[in-house]
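Student: Turn this into a model:
(chains A and B)
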Amino acid sequence: MNRADFRRGVRDATPILLGILPFAIVAGIAAANAGLDLSQAVGMSVIVFAGASQLAALDLLGRDAPLSVVVVTAVVINLRMLMYSASIAPYFRSFAGRVKAGLAYFLTDQAYAVTIAGYRAEGSVDRATYYFAVGGTIWLVWQIATVAGVLLGTGVPAAWGLEFTVPLVFLALLVPTMEDGPTTLAGITGGAVAVLGAGLPLNLGLLVGASLGVAAGVVSERYLDVEASRGH
Amino acid sequence: MATSYGDPAIWIVIVVIGLATYGIRLSFIALFGYLDEIPPWVARLLRYVPAAVLAGLVLPAFVTIQPGAGDLAVDKLLAGALAAGVAWRTENVLATMAVGMGALWILRFLVLPHLFLLG
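Tutor: Predicted coordinates for the structure are as follows:
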């Protein structure tokens, strides 16, 4: 373990903690609102450790959606990590299998983005140490802020509508993903169908909307320009 | 809204989502050497997943079209629209949350009660 590279990882992760902190607090509040106790909320943050899917699962649990719909929705949201896994895999190829298995757990949107930028800026960095420092820093803040959110969430009156912070977080994450014509159409279609299908049984409106949104994006590639420079 | 599911069901959901998510994270890291790239047709579908899913989560929270539902939730619609403008301009999570919640509270506690008093 290279101490200088560990410190470098912690330092590079620090600026993004400002974005992680409120996100994790909202996840804690959402868990409390959905009726989870502290151990379940922290259990979710430790075992799942993926904010957007946690919020979606908690939202659906709170509405008593079928458990299969809760699971499928959360997993679909996390499918994007396939791309991070494929993108970071070449940097990890020389590590032992169990090191790879351990490091994979820390793969998040933010850890991926910071680490890839760090590897490109400093080619000689101890890759495992640096990535562990980045991912571990994010992980620690995520868990602590989840606890803070649960404690906060149970003490705030319902009229304040703190659950409204969940779609607001998703909104801020949504805008950068609509980066060109087809992705924008995918978002508009997914959102509109989900609104129209909100009354569908089994909370299927979201999954139907997401499927049709993806289809609309793929089909529209033939008619709209694709921004190739910023693939996710 | 609190869930009606019991503790075992909640724990099962957490563990299943966690295992599946870990499998996704580990996938290409573990398989590198055997499978070096995402098949192009999969990558093409994945490109549209974030926008389609996130929009499907956001819009129904701002807009409700339910036959017979008397509550139009004007506060959420207006606060959501304002937050969307901020998200578009700043792409900042904190700013979007601050403006969205601030607008919701102003509308809900200050503006709308007065409108109904006058009306």
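
Student: Just read off the phi/psi values of the spatially most central residue of chain B.
Tutor: Nearest to the mean C-alpha position of chain B, by C-alpha atoms, centre = their mean, lies B:Leu57 at 4.0 Å. Here is the backbone geometry of B:Leu57 (degrees, to the nearest 10): phi -80, psi -30.

Student: Return, as residue ranges, the portions of chain A with sub-threshold pLDDT.
Tutor: Scanning chain A for pLDDT under 70 picks out A:202-203, A:228-232.

Student: now the strands for it?
Tutor: When assigned using DSSP state E, chain A turns out to have no strands.

Student: do you know how far the residue in chain A positioned nearest to chain B is from B:Asp7?
Tutor: The nearest approach of chain A to chain B comes at A:Gly213, 2.7 Å away (C-beta to the nearest C-beta). For every residue, glycine as well, the C-beta is placed using N, CA and C. Distance, A:Gly213 to B:Asp7, using C-beta to C-beta, to the nearest Å: 34 Å.

Student: Looking at those two now, which is surrounded by more residues?
Tutor: Neighbours were counted for A:Gly213 and for B:Asp7 using other C-beta atoms under 10 Å in any protein chain shown; A:Gly213 has more, 29 against 11.

Student: That one is in contact with B:Leu54, isn't it?
Tutor: No. Contact criterion C-beta atoms under 8 Å: A:Gly213 and B:Leu54 do not qualify, at 9.6 Å.

Student: intersection of neighbour lists for these two?
Tutor: Both A:Gly213 and B:Leu54 are contacted by A:187, A:190, under the criterion C-beta atoms under 8 Å, 6 or more residues apart in numbering or on different chains.

Student: which residues are in contact with whichever helix in chain B runs longest?
Tutor: Counting by DSSP state H, the longest helix found in chain B is helix B:7-31. Residues outside helix B:7-31 that contact it (C-beta under 8 Å, 6+ apart): A:36, A:40, A:43-44, A:47-50, A:53, A:57, A:61, A:67, A:70-71, A:74-75, A:78-79, A:81-82, A:84-86, A:88-89, A:92, A:97, A:100-101, A:103-105, A:107, B:3, B:5, B:35, B:38.

Student: quick one: contacts of the helix or strand just after that helix?
Tutor: Reading on from helix B:7-31 to the C-terminus, the next helix or strand found by DSSP states H and E is helix B:40-46. Helix B:40-46 has contacts (C-beta under 8 Å, 6+ apart) with A:79-80, A:82-83, A:214, A:218, A:221, A:231-232, B:38.

Student: neighbours around A:Ala56, how many?
Tutor: 26.

Student: Could you report the separation of the closest residue to it other than its chain neighbours from B:Leu110?
Tutor: Leaving aside its chain neighbours, A:Ala56 sits nearest to A:Thr73 (5.3 Å; criterion: C-beta to C-beta, 6 or more residues apart in numbering or on different chains). A:Thr73 is 36 Å from B:Leu110, where distance means C-beta to C-beta.

Student: cool, B:Phe62 as well?
Tutor: 20 Å.

Student: Who has more neighbours out of those two?
Tutor: With neighbours defined as other C-beta under 10 Å, B:Phe62 and B:Leu110 compare such that B:Phe62 has more, 22 against 9.

Student: give the contact list for the more buried one.
Tutor: Applying C-beta under 8 Å, 6+ apart to B:Phe62 gives the contacts A:167, B:76-77, B:79-81.

Student: Longest helix in chain A, please.
Tutor: helix A:127-153.

Student: Quick check: buried residues in that helix?
Tutor: A:127-139, A:141-142, A:144-147, A:149-150, A:152-153 (16 or more other C-beta atoms under 10 Å in any protein chain shown).

Student: swap in stretch A:10-17?
Tutor: Of all the residues in stretch A:10-17, those buried under the rule 16+ other C-beta under 10 Å are A:12-13, A:16-17.

Student: Over to stretch A:167-180?
Tutor: Buried residues in stretch A:167-180, defined by neighbour count with 16+ other C-beta under 10 Å: A:167-175, A:177-180.

Student: is it anywhere near chain B?
Tutor: Yes. Interface with chain B: stretch A:167-180 contributes A:167-178 (C-beta under 8 Å from any C-beta of the partner chain).

Student: Which of those fall in helices?
Tutor: Those of the residues of stretch A:167-180 next to chain B lying in helices (DSSP H): A:167-177.

Student: residues contacting A:Gln110?
Tutor: For A:Gln110, the contacting residues are A:13, A:16, A:19-20, A:138, by C-beta under 8 Å, 6+ apart.
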